[in-house]
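> using only what follows, build the 3D model:
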Amino acid sequence: MRALRNVLVVFAVVCIVAVQGYATQFNGGYSLIYTEKAQLLAPGELSLVLHSRAYAKVINSANFTLYDGTGAISANFGFSRVLELGITVLAYQDLNLSQRIINGQPYREQIPDDMILRTKFGGWGVPLKSSMLRFGFDLNYRLRTGQVDDVYLEPYSSNAMELGVNGIFSLFTDAFYPDEAHQVHLNIGYLNHNDAGFGRGLFSSSQELLYSVGYVYPTLKIDLHGEFYGTHFMERPPTDVFSREDYLYVAPGVTYKPFYGFNIQFATEWLLLNAKNTTVGRVIPPDYPGNYPPWRISGNLVLYPSTAFFSEPTFARVTEESRRRERLLEQSGLDRRALFEWVTDEDFGTEYIDLELEKIRQEREKAEQELERLKKELGQ
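Predicted coordinates for the structure are as follows:
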């Protein structure tokens with residue numbers, strides 16, 4: 001009953017604060033390409049993510065290649081067991097079709113583009129037999145620091161501070177080892193573009209519902225995953241802007257895990273739903289894509305470095321033996337920071353070393369016994 005009550009309380013909080021948040025497409029922390037996981041970084045843990053996304057098409061009528069690319073950097077920090085802080089900087093945005101004169105200067109590439117601040121709350125879960133349902137939410141604020149808004153082929157963004165909330169739900173089929181389990185993740189977000197102008201209410205602005213669902217099939221070094229993500233405008237932007245229609249993408253991808261603290265994510269995106277173009281006054285030629293690219297390639301480089309508050313085996317190789325050690329660590333109830341402090345503690349360090357030496361001695365005796373057995377067999 002208490003767990004159910006906690007679920008209802010958190011759901012109510014999400015509904016109440018749904019008038020002020022923002023769901024970004026470039027997530028840090030524990031996340032797929034577009035779908036966040038209801039897991040928080042441990043207190044003191046740091047996540048750094050380098051995002052990239054690109055689309056290109058040869059325009060035969062104009063005899064040139066249309067290109068749209070975006071790059072971003074995310075940094076997320078575990079502040080407490082229930083709070084994670086993050087910042088995303090859209091470091092690079094380039095559409096080689098556009099060029100605008102702003103303050104007497106031509107702008108095509110934006111270096112940097114906008115900045116997004118995020119606070120993520122979580123750490124709650126409900127056990128379902130051997131599975132675990134986790135949930136949380138985050139509040140996001142997009143600050144206008146770029147020079148150009150309303151970019152063709154990119155999701156709509158206004159020239160004001162945009163606010164939104166994102167509800168996060170995750171089901172792990174193994175409650176004790178979630179990263180080794182099949183996973184289903186659901187995100188439902190609300191975004192207010194705050195573009196109604198001075199003197200008008202917040203709900204007169206453009207508003208949209210963002211959603212995504214992702215599935216993960218894990219293996220030791222490679223995770224296979226697929227995502228569906230899209231948007232539905234509850235209040236559409238002005239008629240003279242691009243990307244004012246609903247869309248839906250599917251994004252199959254893989255995550256390669258060569259080290260414990262370094263992952264490589266890659267996905268291809270395919271547009272499933274693209275509503276009819278309703279932009280007025282800005283003509284898109286017939287051989288150009290609509291308001292959204294029909295496909296894209298996306299990738300992330302994810303790094304979990306050690307910090308002064310959290311010891312991370314960043315470049316420890318992922319093997320079956322290291323996975324077993326990780327399980328023993330989790331079963332001990334100690335995180336990596338606590339284990340490091342325990343080993344280096346003046347009172348307990350010697351005891352730990354003695355235990356390790358005893359373990360080595362026993363393994364050596366077993367090896368010697370096996371060698372003697374083989375000698376006897378060869379002698380017969």
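> now do the SS call for the residue nearest to residue 181 when sequence neighbours are not counted.
Spatial nearest neighbour of residue 181, excluding adjacent residues (CB to CB, 6 or more residues apart in numbering): residue 174 at 3.5 Å. Every residue, glycine included, has its C-beta placed from N, CA and C. Of the three states, residue 174 takes coil under DSSP: H, G, I helix; E, B strand; the rest coil.
> OK, contacts around residue 174?
For residue 174, the contact set (CB atoms under 8 Å, 6 or more residues apart in numbering) comprises 130, 131, 132, 180, 181.
> same deal with residue 239?
The contact partners of residue 239, taken as CB under 8 Å, 6+ apart, are 278, 279, 280, 281.
> let's see that with 6 Å instead.
Residue 239 makes contacts with residue 280, as judged by CB atoms under 6 Å, 6 or more residues apart in numbering.
> just the one 5 residues further on next, same as before
Residue 244 makes contact with 236, 237, according to CB under 6 Å, 6+ apart.
> and the pLDDT at it?
Per-residue confidence for residue 244 comes out at a pLDDT of 90.
> what does residue 115 give?
For residue 115, the predicted pLDDT is 88.
> go ahead and confirm residue 73 touches residue 89.
Yes. The pair residue 73 / residue 89 is scored as a contact, 5.2 Å apart, by CB atoms under 6 Å.
> what about residue 363, which SS state?
helix.
> list the contacts of it.
Applying CB under 6 Å, 6+ apart to residue 363 gives no contacts.
> for stretch 48-61, the averaged confidence score.
On average, the pLDDT along stretch 48-61 is 92.
> next, the buried residues of that stretch.
For stretch 48-61, burial by neighbour count (16 or more other CB atoms under 10 Å) applies to 49, 51, 52, 53, 55, 57.
> again, but for stretch 137-150
Result for stretch 137-150 [16+ other CB under 10 Å]: buried residues 137, 138, 139, 140, 141, 142, 144, 146, 147, 148, 149, 150.
> helix or strand with the lowest mean pLDDT in this protein?
For the chain, counting by mean pLDDT, DSSP states H and E, helix 2-16 ranks last in confidence among helices and strands (a mean of 39).
> given whichever helix or strand comes after that helix, what are its sheet partners and their directions?
Once helix 2-16 ends, the next helix or strand along the chain (criterion: DSSP states H and E) is strand 46-59. The strands beside strand 46-59 in its sheet (DSSP bridges) come out as strand 64-78 (antiparallel), strand 295-303 (antiparallel).
> I'd like those strands laid out as a markdown table, including mean pLDDT, mean neighbour count and distance to residue 34.
Formatted as a markdown table, these follow (pLDDT from 0 to 100; neighbours: other CB atoms under 10 Å; distance: least, CB to CB, whole Å):
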| stretch | mean pLDDT | mean neighbour count | distance to residue 34 |
| --- | --- | --- | --- |
| strand 64-78 | 92 | 19 | 13 |
| strand 295-303 | 97 | 18 | 8 |
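> make a markdown table from these and add distance to residue 166 to it.
As requested, the strands paired with strand 46-59 are arranged in a markdown table below (distance: least, CB to CB, whole Å):
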| stretch | distance to residue 166 |
| --- | --- |
| strand 64-78 | 14 |
| strand 295-303 | 18 |
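> figure out which of the ones you listed is closest to residue 254.
Residue 254 sits nearest to strand 295-303 of all the strands paired with strand 46-59, at 10.3 Å, using CB to CB.
> residue 247: which of the strands paired with strand 46-59 is closest?
Short answer: strand 295-303, nearest of the strands paired with strand 46-59 by CB to CB, at 11.7 Å.
> now that closest one, how far from the centre of its chain.
10 Å (CA atoms, centre = their mean, to the nearest Å).
> which outside residues touch it?
Counting by CB under 6 Å, 6+ apart, 33, 48-55, 262-263, 265-270 sit against strand 295-303.
> can you rerun that using 8 Å?
33, 47-55, 249, 251, 253, 261-271, 314.
> kindly export that strand (C-alpha atoms) in CSV.
Extracted in CSV, the C-alpha atoms of strand 295-303 (Å, rounded to 0.1, in the frame of the first residue of the first chain):
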residue,chain,number,x,y,z
TRP,A,295,15.9,9.6,-42.3
ARG,A,296,18.8,10.6,-40.1
ILE,A,297,21.9,9.0,-38.5
SER,A,298,22.5,9.6,-34.8
GLY,A,299,25.3,8.7,-32.5
ASN,A,300,26.5,9.3,-28.9
LEU,A,301,29.8,8.9,-27.2
VAL,A,302,29.2,8.3,-23.5
LEU,A,303,31.9,8.6,-20.8
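> helices along this structure, start to end?
For the chain, the helices defined by DSSP state H occupy 2-16, 320-332, 336-344, 349-379.
> bridge partners for residue 251, pull those for me.
Note on residue 251: beta-bridge partners residue 227, judged by DSSP bridges.
> pretty sure it contacts residue 230?
No. In this structure residue 251 lies outside contact range of residue 230 using CB atoms under 8 Å: 10.7 Å.
> circling back to that earlier point, gap between the residue nearest to residue 181 and residue 218?
Plainly put, residue 174 is 10 Å away from residue 218 if you go by CB to CB, to the nearest Å.
> for residue 116, same thing?
Spatial separation of residue 116 from residue 218 under the definition CB to CB is 28 Å.
> try residue 373
39 Å.
> equivalent analysis for residue 69, please.
Taking CB to CB as the measure, residue 69 falls 30 Å from residue 218.
> mind listing what residue 64 touches?
Residue 64 neighbours (CB under 8 Å, 6+ apart): residue 58.
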